[in-house]
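Visitor: generate coordinates for the sequence data below:
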Amino acid sequence: MKFPINLASQPSRKDRPILFASAMVGVLLVVSLGILISLIVADRKESADTRRVINRLDEQVKRAALEQVRLDSILRQPDNAEVLERSVFLNTLLYRKSISWTRVFEDLEKTLPPNIVVINIRPQIISESRVYLEMTVGAESPEPVIDLLRRLESSEVFGATTMYSFVPPSQSERLYRYRVSVNYAQKL
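Guide: Numbering: from 1, shown residues only. Modelled structure (predicted):
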C-alpha cells in the first residue's frame, strides 16, 4: 500500500483557482458598480428634465388661474352682470337642447318590455356627461315593472335605477303607476 506523505514544513496548497475566482468576482463587482453608477447619473438627468417640465406646467397653470380670476372679476362687475346672466341662461338652454329625444326613445324602445307604457319622462342634466331620467311608467301588473328595472340596470346605456313611488289602479285608471329614475349615459 502506498500512503501519500508530505514531509515539507509548509505543504503546497492549491490556492491558485480560488485566488483567480476571487479576482474575477472582484472584477465583476467593480464592473456592475460602474454600470449602476452610470444608471444613477442617467436617471438623475432624466428626473431633472421631468422636474423642469413639471415646474413649467405648474407656472402655466398658475398663470391661467390668475387670468381666470381676472376675467371673472371683470364679468362680475355691475356693468357686465346682465350680460353674464344672459350668457349663463343661454348656455343652460343650449346644454339642455343637446339631449337627443330621438336617441332617448330609441334606447328606451330597446330596453322596455312590451307591456310597459311610458306616461311621463323628464331628463335632467347632472354634469357634463351624466343625464338623469325621471319617468312615470304604467303596467297592468307589478311584474313587468320589476322586469323593466332589471333590464334598465343591466343595460349598457342605462344605469342604477330607483323607484320612488307607485299608485295602484283605481276606477278611472286601470294601470299601476310607478315613478322611476335612472342614470342615462347619452353623450352630450
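
Visitor: low-confidence stretches in this structure?
Guide: Across the chain, the ranges flagged by pLDDT under 70 are 1, 6-13, 95-98, 127-129, 186-188.

Visitor: what is the longest helix of it by residue count?
Guide: helix 16-75 (DSSP state H).

Visitor: that one packs against which elements?
Guide: Contact here means 3 or more Cβ pairs under 8 Å, 6 or more residues apart in numbering; DSSP states H and E; on that basis helix 16-75 packs against helix 78-97. C-beta: built from backbone N, CA, C; applies to glycine.

Visitor: now the following helix or strand past the helix it packs on: buried residues?
Guide: Remark: after helix 78-97, the chain's next helix or strand is helix 101-111, criterion DSSP states H and E. Using 16 or more other Cβ atoms under 10 Å as the burial criterion, the residues of helix 101-111 that qualify are 104, 107-108, 111.

Visitor: hmm, back to that, now the angle from the longest helix of the chain to helix 78-97?
Guide: Relative orientation of helix 16-75 with respect to helix 78-97: 110 degrees, computed using axes from the mean of the first three to the mean of the last three Cα atoms, to 10 degrees.

Visitor: tell me how far helix 16-75 lies from the chain's centre.
Guide: 28 Å (Cα atoms, centre = their mean, to the nearest Å).

Visitor: cool, stretch 146-162 as well?
Guide: The answer for stretch 146-162 is 22 Å, by Cα atoms, centre = their mean.

Visitor: from Val27, how far out is Leu33?
Guide: 11 Å (Cβ to Cβ, to the nearest Å).

Visitor: Glu109 too?
Guide: 77 Å.

Visitor: please apply the same query to Gln60.
Guide: From Gln60 to Val27 the distance is 50 Å (Cβ to Cβ).
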